[in-house]
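Asker: fold the following.
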Amino acid sequence: MAFEIIHGDITKVKADAIVNAANTSLRAGGGVCGAIFAAAGAEDLTRACEAVGGVATGAAVVTPGFALPAKYIIHTAGPVWHGGGAGEPELLASCYKSSLKLAAEKGCRSVAFPLISAGIFGYPKDEAMRVAEASIREFLREDDDMRVMLVLFAG
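Answerer: Reported below is the predicted structural model:
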């Protein structure tokens with residue numbers, strides 16, 4: 001359907017699902033992850049994440065959205081940047097593909113992503129953007145009924 005790059009606060013985006021740039025233990029962190037936990041309701045989201053247990057780098061899991069406008073939070077653990085020779089591009093692409101596949105399985109027609117791994121995980125922003133765009137566009141060639149937003153923090 002559509003791919004848009006927007007500037008704003010992902011916790012306020014109206015979408016069926018938002019994606020959390022999570023750590024593998026699914027614990028509240030800083031940046032986007034901390035903002036999502038705070039906006040969703042930290043206690044409820046912490047309990048839901050503890051019940052899930054964790055997520056492998058490049059994979060995705062889902063919890064309810066709780067107090068967010070989104071019905072679901074899809075949690076994906078991006079790779080930490082080690083210079084690009086440790087499989088980072090493939091793992092990052094897998095984050096987007098796994099999240100979009102899970103969103104489709106849940107019947108989502110709209111999904112909002114942050115720029116995964118481009119914060120504290122150190123992935124160069126230009127490279128992270130290239131991987132994000134390519135992965136999302138590839139998915140939309142197969143499922144063109146979904147609206148996908150890449151939300152860049154405007155703050």
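
Asker: Asp144 looks like it's in a strand, true?
Answerer: No: under DSSP: H, G, I helix; E, B strand; the rest coil, Asp144 sits outside any strand and is assigned coil.

Asker: on the three-state scheme, the residue nearest to the spatial centre of the chain is what?
Answerer: Centroid-nearest residue in the chain: Val19, 2.9 Å away (criterion: C-alpha atoms, centre = their mean). Secondary structure state of Val19, per three-state DSSP, is strand.

Asker: who touches it in this structure?
Answerer: 60, 73-76, 99, 111-114, 116 (C-beta atoms under 8 Å, 6 or more residues apart in numbering). Placement of C-beta: from N, CA and C, glycine included.

Asker: just the closest of these to Phe37, please.
Answerer: Distance ranking of these against Phe37, using C-beta to C-beta, places Ile73 first at 9.3 Å.

Asker: quick check: what element follows the host helix or strand of that closest one along the chain?
Answerer: Using DSSP states H and E, Ile73 sits in strand 72-77. Of the helices and strands lying after strand 72-77 in sequence (DSSP H and E), the nearest is helix 88-105.

Asker: contact partners of that following helix?
Answerer: Identification of contacts with helix 88-105 by C-beta under 8 Å, 6+ apart yields 16-17, 19, 57-62, 72, 74, 76-82, 111, 113, 116-117, 123, 127-128, 131-132, 134-136, 138-139, 143, 146, 148.

Asker: need the buried ones from those residues selected in PyMOL.
Answerer: To isolate the buried members of these in PyMOL, using 16 or more other C-beta atoms under 10 Å:
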select buried, resi 16+17+19+57+58+59+60+61+62+72+74+76+77+78+79+81+111+113+116+117+123+127+128+131+132+135+136+139+146+148
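
Asker: Throw the contacts of Val19 into JSON lines and include distance to Asp44 and pLDDT, thanks.
Answerer: Shown next, in JSON lines, are the contacts of Val19 (distance: C-beta to C-beta, whole Å; pLDDT from 0 to 100):
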{"residue": "Ala60", "distance to Asp44": "20", "pLDDT": "98"}
{"residue": "Ile73", "distance to Asp44": "11", "pLDDT": "98"}
{"residue": "Ile74", "distance to Asp44": "16", "pLDDT": "98"}
{"residue": "His75", "distance to Asp44": "14", "pLDDT": "98"}
{"residue": "Thr76", "distance to Asp44": "20", "pLDDT": "98"}
{"residue": "Ser99", "distance to Asp44": "21", "pLDDT": "98"}
{"residue": "Val111", "distance to Asp44": "21", "pLDDT": "98"}
{"residue": "Ala112", "distance to Asp44": "20", "pLDDT": "98"}
{"residue": "Phe113", "distance to Asp44": "22", "pLDDT": "98"}
{"residue": "Pro114", "distance to Asp44": "20", "pLDDT": "98"}
{"residue": "Ile116", "distance to Asp44": "23", "pLDDT": "97"}
